[in-house]
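K.L.:
With the sequence up front, the predicted model follows.
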Amino acid sequence: MSDILAFDLGASSGRAILGSLKDGKIVTEELHRFPNDPVQTGDRLHWDILRLYHEIKQGLLKAKHKGIQPLSIGIDSWAVDYGLIAADGSLLGNPLHYRDRSSAGMMERLQEELTPAEIFNRTGIQFLPFNTIYQLYAAKLNQSPQLAAAKRFLMIPDLLRYFLTGEMHNEFSNATTTQLYNPLKQEWDGELLQHLGLSQSLFGHVLQPGSPAGNLQPSVQEELGLGPIAVHAVAEHDTASAVVAVPALERSFAYLSCGTWSLLGTEIQEPIMTAEAAQLNFTNEGGFGGTYRLLKNIMGLWILQESRREWERSGQDYSFSELVKLAGEAPAFTAFIDPDDPVFMAPGDMPARVKEYCRKTNQPVPEDAGTLVRCILESLAFKYRYVLELTEQLSGKQFNGLHMVGGGIHNTLLCQWTANAIGKPVWAGPAEGSAIGNLAVQWIARGEFADIWEARRVIRDSFPVTIYGPEQGEAWYDGYGRFLEITTLR
């Protein structure tokens, strides 16, 4: 039997995916899906971590009710956020959401003490205002009693693993996203921690993806009526898991993990920590097998998701498929935004912000939902081209096309428009990339696959890949020029 279980937690929902190997192919079944809604308490935005732990246990119970005890389980999630553990092993408060405002301005403030070059040369990580380093810096400046009492730092998958196993471990792919891990020394950066006044003892030994990380502890076994299931540290940043699942046959490839966030880049063997990489604000995040993901974060479908929520609040209940249909019917290239403008970071009235951006840049203002959604999706497609070309420039590679994975591939209009924008094929699939990559790392750890390349071959044989060829080349070429001028990216 090869039944294993992946818990894949995204910024808006989570799922428990059962995986098995049958006749040389991967078979998956979604056992459990649940919302992951942040909770506003006063002026703080938190993750409901105990609810997420409860849902993980529900996923285990649903496997049990099917008569299955998985051989192993793994957990992946979004990056940068964390929990703090007290001396008695208890959790010190609910983890903050990366969109919480407590770290606002902290990146700029820390850069008055340490230059961007000093930080990048130690970490190789893109400067984003919500990175863990700035969250911890804010906690230190605000004399957080939780931080003062903390004995261990655990990121979200580390924390959920700890609840299941009673063991505390940090994992490589997520640790690198903190902007506190030194990939050249392959350890937490002691000088950065010292500058922030953080004890080295807070940060544990970093496990590579695929490492054993304990078993279900006796109290969990008793509660759920299960045996001692093995728990693996997989590639626990969901993008790292998604990249494992890219069904590439060529060793040099570009990928786009598309969901609430879009992450576009390539897989490399050593981090690229040059002055050019720093100037272009690229990142070198850890991957499976000691690899690195040279990539750039792009705001992604968050802008569309928040727009839909705002329309719902005003009584306009559009489905995503309805919005995509309206966008397809709207006139092309009416207006553009830079998806990564800071105005689109926080939750709120996104349609109003898109309109204001267009107004400030002397463009026609999209007044109806279809035109506004088209503006968002076309702008995303053009931003993908922009970042893809920068990835080629930095890596010294030329890519024949772009692999798209993640839930965003259900948006066929975005897939087609991305192919149009880059002027190259887009290979879309699989949709549940993070969960499948999570499963693949477990199977590699168990010896079912020899290595990641055998896993990728089996993934390609097991899941459909839709090919989108570029269309309307001249119109999209001209549109890209306008996009660059309006966003001042040129």
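P.N.:
Thanks, I have the structure now. Numbering: from 1, shown residues only.

K.L.:
so residue 324 sits in a helix?
P.N.:
Yes. Assignment of residue 324 by DSSP: H, G, I helix; E, B strand; the rest coil places it within a helix.

K.L.:
now the strands for the stretch 201-350 of the chain?
P.N.:
Counting by DSSP state E, counting those that start in this stretch, one finds strands in the stretch 201-350 of the chain at the ranges 206-207, 211-215, 230-233, 254-258, 262-268, 283-286, 292-298.

K.L.:
Need the contact partners of the first one.
P.N.:
In this structure, residues lying in contact with strand 206-207 by Cβ atoms under 8 Å, 6 or more residues apart in numbering are 169-172, 175, 181, 186-188, 213, 233. C-beta here means a position set from N, CA and C on the backbone, and glycine is covered the same way.

K.L.:
repeat for the second one
P.N.:
Strand 211-215 is contacted by residues 161, 164-167, 169, 171, 207, 228-233, 445 when judged by Cβ under 8 Å, 6+ apart.

K.L.:
again, 10 Å this time
P.N.:
Contacts of strand 211-215 from elsewhere in the structure, counted by Cβ atoms under 10 Å, 6 or more residues apart in numbering, are 72-75, 157-158, 161-162, 164-169, 171-172, 205, 207, 221, 227-234, 236, 441, 445.

K.L.:
before we move on, the earlier item: can you say which of the strands of the stretch 201-350 of the chain is nearest to residue 90?
P.N.:
Distances from residue 90 to each of the strands of the stretch 201-350 of the chain were compared using Cβ to Cβ; the minimum, 18.4 Å, belongs to strand 211-215.

K.L.:
What strands line up against the closest one, and which way round?
P.N.:
strand 230-233 (antiparallel) (DSSP bridges).

K.L.:
Residues touching the partner strand, excluding its own?
P.N.:
Residues from elsewhere that reach strand 230-233 (Cβ under 10 Å, 6+ apart): 4, 70-75, 157-158, 160-162, 164-165, 167, 169-174, 206-217, 438, 441-446.

K.L.:
What subset of the residues you listed is buried?
P.N.:
Neighbour counting by 16 or more other Cβ atoms under 10 Å classes 4, 70-75, 157-158, 160-162, 164-165, 169-174, 206-207, 209-211, 213-217, 438, 441-445 among these as buried.

K.L.:
quick one: which of these sit in strands?
P.N.:
Using DSSP state E to define strands, the subset of these located there is 4, 72-75, 170-171, 206-207, 211, 213-215.

K.L.:
Touching, residue 297 and residue 260? I think so.
P.N.:
No. Applying Cβ atoms under 10 Å as the test, residue 297 and residue 260 come out as separate, 11.1 Å apart.

K.L.:
what sits against residue 91?
P.N.:
Listed by Cβ under 10 Å, 6+ apart, the contact set of residue 91 reads 49-50, 53, 83-85, 146, 154, 159, 162-163.

K.L.:
which among those residues end up buried?
P.N.:
49, 53, 83-85, 154, 159, 162-163.

K.L.:
pull the longest helix from this structure.
P.N.:
Ranked by residue count under DSSP state H, the longest helix found in the chain is helix 369-395.

K.L.:
Can you name the element that comes right after that one?
P.N.:
Secondary structure here is assigned by DSSP states H and E; on that basis, the next helix or strand after helix 369-395 toward the C-terminus is strand 402-405.

K.L.:
looking just at contacts, which helices and strands does that following strand meet?
P.N.:
For strand 402-405, the elements it packs on are helix 238-244, strand 254-258, strand 262-268, helix 369-395, helix 412-422, strand 426-428, helix 433-445, strand 466-468, judged by 3 or more Cβ pairs under 10 Å, 6 or more residues apart in numbering; DSSP states H and E.

K.L.:
Any idea how far that strand is from the middle of the chain?
P.N.:
14 Å (Cα atoms, centre = their mean, to the nearest Å).

K.L.:
so what strands line up beside it?
P.N.:
Partner strands and pairing direction for strand 402-405 (DSSP bridges) are strand 254-258 (parallel), strand 426-428 (parallel).

K.L.:
So for residue 61, which of the helices and strands packed on strand 402-405 sits nearest?
P.N.:
Across the helices and strands packed on strand 402-405, residue 61 has its closest neighbour in helix 433-445 (18.4 Å, Cβ to Cβ).

K.L.:
How far does the helix or strand following that closest one sit from its chain's centre?
P.N.:
Elements were assigned by DSSP H and E; along the chain past helix 433-445, the next helix or strand is helix 452-462. Taking Cα atoms, centre = their mean, one finds the center of helix 452-462 at 22 Å from the center of the full chain.

K.L.:
Stretch 116-129 now?
P.N.:
The chain centre lies 19 Å from the centre of stretch 116-129; the measure is Cα atoms, centre = their mean.

K.L.:
Could you do stretch 461-477 as well?
P.N.:
In terms of Cα atoms, centre = their mean, the gap separating the centre of stretch 461-477 from the centre of its chain is 23 Å.

K.L.:
pLDDT (mean, whole number) over it?
P.N.:
Per-residue pLDDT over stretch 461-477 has a mean of 97.

K.L.:
Nearest to residue 291, out of the helices and strands packed on strand 402-405?
P.N.:
Ranking the helices and strands packed on strand 402-405 by distance to residue 291, with Cβ to Cβ as the measure, places strand 262-268 first at 5.4 Å.

K.L.:
helices and strands around that closest one, which ones?
P.N.:
On a contact count with 3+ Cβ pairs under 10 Å, 6+ apart, strand 262-268 meets helix 238-244, strand 254-258, strand 283-286, strand 292-298, helix 369-395, strand 402-405, helix 412-422.

K.L.:
Can you say which of the strands of the stretch 201-350 of the chain is packed in most?
P.N.:
Of all the strands of the stretch 201-350 of the chain, strand 254-258 has the most neighbours on average by mean count of other Cβ atoms under 10 Å, namely a mean of 28.

K.L.:
Distance from that strand to the middle of the chain?
P.N.:
Here the centre of strand 254-258 is set off from its chain's centre by 11 Å, with Cα atoms, centre = their mean.

K.L.:
One more: stretch 238-245?
P.N.:
In terms of Cα atoms, centre = their mean, the centre of stretch 238-245 is set 9 Å apart from its chain centre.

K.L.:
Same question for stretch 297-305.
P.N.:
Taking Cα atoms, centre = their mean, the mean C-alpha location of stretch 297-305 is offset from the chain mean by 11 Å.
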